[in-house]
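Peer 1: Show me the folded form of this:
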Amino acid sequence: MAVGFGLRLAYLLNSHPFFDEYTAPLVAAAAWLTETNDPVTALTLARVPSLLLGVAGIALIYRVGARWFSPRAGLIAAALLALSPEGMVWGGRARMYALAQLLALVLAVLVYDGSRGRGSCRLRWLSLLVLLIALLTQFGAIILVPPLVVGALAVGWFTRQPGESPWFLRRMVIAEVVGLVGVVGLGILVKRLGQPLGVAPLGNPEAADLAQELLNTVTYQTGLVLDGAGMVRFLAREFGVAHHLWLGAAASLGGLAALIRWRMPGPSPIGRATGPAATLFVWLITALPVLEMVTLLEPWRHNPRYLVMTLPTFYLLVAAGAEHLLSVGCHDGTHGHSAGGTWACRWLPRLTGVLLALLAILQARGLWLDLQVAYWTPEPAYEEAFHYVGQEWQAGDVVLTMNTSAAAVLLNRADYFAIQEDADQFLIPSATLGMTDRWVGAPWLGTASDLMRVLDRHPRAWFVVDTIRLPVYYRGDWLAVLHTQMQLAWSGDEALVYVTRPNRQPLLTEPAVRLNRPLDRGIVLYGYGLTDQTAWRPGDVLPLTLYWMTSQPIPTDYTVFVHLRDAHAVTLAQRDSRPLDGIYPTSRWRPAEIVIDPQPVQLPDHLVPGDYTLWVGMYRLDTMERLPVADATDGEQAVRLGNIRVE
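Peer 2: Numbering: from 1, shown residues only. You can find the predicted model right below:
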């Protein structure tokens with residue numbers, strides 16, 4: 001418990017807040033309870049409940065392991081949870097995962113104790129209350145319901161008294177089934193009233209009847225998706241990491257030993273558990289959620305974070321496996337030795353102990369590496385970014401960001417919600433502002449044109465984002481505006497702060513001339529724009545902007561070339577650059593989006609007056625091979641834009 005407390009406290013004090021922590025009600029509660037005006041202090045204090053809950057989970061898992069298997073198994077399980085990288089991270093953040101993890105373990109204890117032997121109706125009803133609290137804490141706990149039901153039935157069957165029917169065949173169980181349905185239904189209703197991401201509010205014309213909406217609340221993220229490669233990727237992320245790889249091996253070997261021991265004569269050498277029931281129960285409530293996730297949930301839900309509630313039972317499974325392996329060969333349950341003191345009883349546990357010690361060494365090395373990765377992997381430093389903005393703030397400034405909740409907490413304002421891709425899930429309608437974000441009600445900026453209008457309307461704007469979300473939620477046209485109209489003012493630990501450039505030249509978000517000239521690989525030169533000027537002078541910079549589209553993903557990064565040629569087709573000026581100076585290469589282009597690509601061309605100082613022609617194309621830098629232009633008959637493999645006049 002001391003080690004677990006120290007790890008979680010160190011992470012709590014030294015890590016930047018997670019993106020979603022700013023939306024946690026605990027932050028406001030901490031600020032109110034402590035009467036602090038410092039939002040960073042409130043964020044730190046809001047993490048303390050998770051710290052305490054995480055340490056309480058360590059104490060509870062020891063008690064459970066000691067009672068179900070042995071004190072040694074309880075100590076193993078407690079040590080694993082204390083040193084868990086996931087436990088450290090979620091035990092040091094103002095999120096509900098530590099509470100959900102503790103409630104899941106309490107729920108498992110109540111279901112097991114209420115289901116074995118003749119069963120306990122009181123404990124099973126109490127488990128329904130804990131289940132409701134768990135669903136209101138973390139709706140993902142609904143994935144635990146089927147495994148717990150199956151586990152309860154299995155425990156009731158294998159631990160029933162000889163000649164007796166199992167408890168679940170009694171008539172009064174019908175009331176418990178109705179109670180379970182009611183608890184799950186209430187949890188779903190509360191989730192729906194909270195308006196899940198991307199769902200219309202109840203009463204909205206877009207919402208169906210209540211029964212259908214409750215069904216949709218559960219099924220919008222479910223589907224029988226049998227993707228073998230996806231399953232392997234998820235299992236590799238969950239159990240292939242260093243600190244889980246050898247634990248999985250120990251659990252599997254221990255499960256095999258438990259099965260062998262179950263089929264052998266004599267009483268179980270393990271604790272006060274009734275036969276194999278405890279081990280079987282832990283296997284069911286640990287393995288079935290994993291099976292549900294890889295078969296019944298949409299691929300975007302295949303994230304180990306959503307199984308953090310099952311970590312304690314996984315560690316109990318490992319501890320039980322170790323205990324079973326150390327008990328192989330002993331048939332007499334009185335003192336752990338067979339009557340004759342056989343060689344198997346004396347030496348198999350010792351050899352198994354050596355094997356487990358080797359696994360522990362491998363586990364310790366991997367665990368140390370994964371703890372370091374979890375501890376040092378930085379979250380974006382939004383608190384520092386908004387602190388910088390606050391220091392530089394001037395009258396008339398506005399701030400736009402995707403993390404509006406952080407802006408509201410740290411800067412006490414959020415003027416615009418700036419996001420392009422997958423925005424619908426974060427938006428709710430407003431009668432006066434149109435679409436706004438669901439957290440603070442900031443107006444939505446969803447296009448490059450919207451961004452340009454804000455920059456034109458306000459003397460100075462701040463855009464706060466991070467390196468993780470910038471390439472995911474923003475397209476090429478937005479990045480072009482950001483690249484040409486704003487400049488990076490501050491960066492730190494993945495957080496980025498942009499500010500309006502002084503003396504900027506507005507960027508057209510639509511082409512002045514539309515071409516729709518297709519190239520190979522599905523790339524289309526949609527059009528171009530050039531400042532309306534009748535004549536240019538030597539030494540000028542042609543502010544050329546190209547507009548590209550693609551109909552398919554592009555696996556290769558191409559380089560754009562712009563040539564200025566005279567009447568004899570001699571190239572007198574040129575520019576070679578990847579789109580947006582390399583910040584948005586063709587391999588990142590999304591089908592059907594418009595990529596705005598400024599390609600200014602410097603005219604030579606010695607250029608003689610006359611008419612010149614602009615040509616544009618693409619090529620592979622490694623082979624210098626040009627990308628073919630469809631329907632080109634001049635052999636140029638380039639698109640002729642038009643003439644410019646130099647005086």
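Peer 1: so which helix or strand takes in residue 464?
Peer 2: Secondary structure from DSSP states H and E places residue 464 in strand 461-466.
Peer 1: Count the neighbours of the nearest residue to residue 475 once chain neighbours are set aside for me.
Peer 2: Leaving aside its sequence neighbours, residue 475 sits nearest to residue 593 (C-beta to C-beta, 6 or more residues apart in numbering; 4.8 Å). All C-beta spots, glycine's among them, are computed from the backbone N, C-alpha and C. Residue 593 sits with 15 neighbouring residues when counted by other C-beta atoms under 10 Å.
Peer 1: sorry, back to before: now the helix or strand just after the strand holding residue 464, how far from the centre of its chain.
Peer 2: Later in the chain than strand 461-466, the nearest helix or strand by DSSP H and E is helix 470-473. Relative to its parent chain, helix 470-473 has a centroid offset of 14 Å by C-alpha atoms, centre = their mean, to the nearest Å.
Peer 1: Next: stretch 627-638.
Peer 2: So, by C-alpha atoms, centre = their mean, the centroid of stretch 627-638 is 44 Å from its chain's centroid.
Peer 1: now stretch 89-105
Peer 2: 16 Å.
Peer 1: what about the strands in the stretch 451-600 of the chain?
Peer 2: All strands of the stretch 451-600 of the chain, identified by DSSP state E, counting those that start in this stretch, fall at 461-466, 486-492, 495-500, 513-518, 523-529, 541-542, 545-550, 559-565, 571-577, 594-598.
Peer 1: Need the ones you listed in TSV (columns: mean neighbour count, distance to residue 173 and mean pLDDT).
Peer 2: Below are those laid out as TSV (neighbours: other C-beta atoms under 10 Å; distance: least, C-beta to C-beta, whole Å; pLDDT from 0 to 100):
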stretch	mean neighbour count	distance to residue 173	mean pLDDT
strand 461-466	25	52	96
strand 486-492	16	59	94
strand 495-500	21	55	96
strand 513-518	15	68	90
strand 523-529	21	65	92
strand 541-542	15	81	88
strand 545-550	22	60	92
strand 559-565	21	71	94
strand 571-577	14	72	91
strand 594-598	23	62	91
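Peer 1: With respect to residue 318, which of those lies nearest?
Peer 2: Closest to residue 318 of these, according to C-beta to C-beta: strand 461-466, at 35.9 Å.
Peer 1: Restricting to C-alpha, output the closest one in CSV.
Peer 2: Below are the C-alpha coordinates for strand 461-466, written out as CSV (Å, rounded to 0.1, in the frame of the first residue of the first chain):
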residue,chain,number,x,y,z
ALA,A,461,-6.7,35.6,-31.8
TRP,A,462,-5.1,32.7,-29.9
PHE,A,463,-5.4,29.1,-31.0
VAL,A,464,-4.4,26.5,-28.4
VAL,A,465,-4.0,22.9,-29.5
ASP,A,466,-1.6,20.0,-29.0
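Peer 1: From the contact counts, what lies against it?
Peer 2: helix 382-392, strand 398-401, strand 486-492, strand 495-500 (3 or more C-beta pairs under 8 Å, 6 or more residues apart in numbering; DSSP states H and E).
Peer 1: want to try TSV for the ones you listed, with distance to residue 146 as columns?
Peer 2: As requested, the helices and strands packed on strand 461-466 are exported to TSV (distance: least, C-beta to C-beta, whole Å):
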stretch	distance to residue 146
helix 382-392	38
strand 398-401	40
strand 486-492	45
strand 495-500	41
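Peer 1: so which of those comes closest to residue 629?
Peer 2: Judging the helices and strands packed on strand 461-466 by C-beta to C-beta, what sits closest to residue 629 is strand 486-492, at 33.6 Å.
Peer 1: Could you check how many residues crowd around residue 428?
Peer 2: Neighbour tally, residue 428, other C-beta under 10 Å: 16.
Peer 1: cool, residue 385 as well?
Peer 2: Quick note: residue 385 (other C-beta under 10 Å) scores 30 neighbours.
Peer 1: do the same with the one 10 residues further on
Peer 2: Burial of residue 395, expressed as a neighbour count using other C-beta under 10 Å, amounts to 6.
Peer 1: Tell me the secondary structure of it, please.
Peer 2: When classified by DSSP: H, G, I helix; E, B strand; the rest coil, residue 395 comes out as coil.
Peer 1: how near is it to residue 459?
Peer 2: 9 Å (C-beta to C-beta, to the nearest Å).
Peer 1: now residue 429
Peer 2: Taking C-beta to C-beta, one finds residue 429 at 30 Å from residue 459.
Peer 1: Equivalent analysis for residue 284, please.
Peer 2: Applying C-beta to C-beta to residue 284 and residue 459 gives a distance of 63 Å.
Peer 1: Give me the contacts around stretch 377-395.
Peer 2: 15-19, 22, 39-40, 43, 399, 403, 406-407, 410-411, 460, 462, 464, 466-468, 489-490, 492-497, 499 (C-beta atoms under 8 Å, 6 or more residues apart in numbering).
Peer 1: Appreciated, that's everything.
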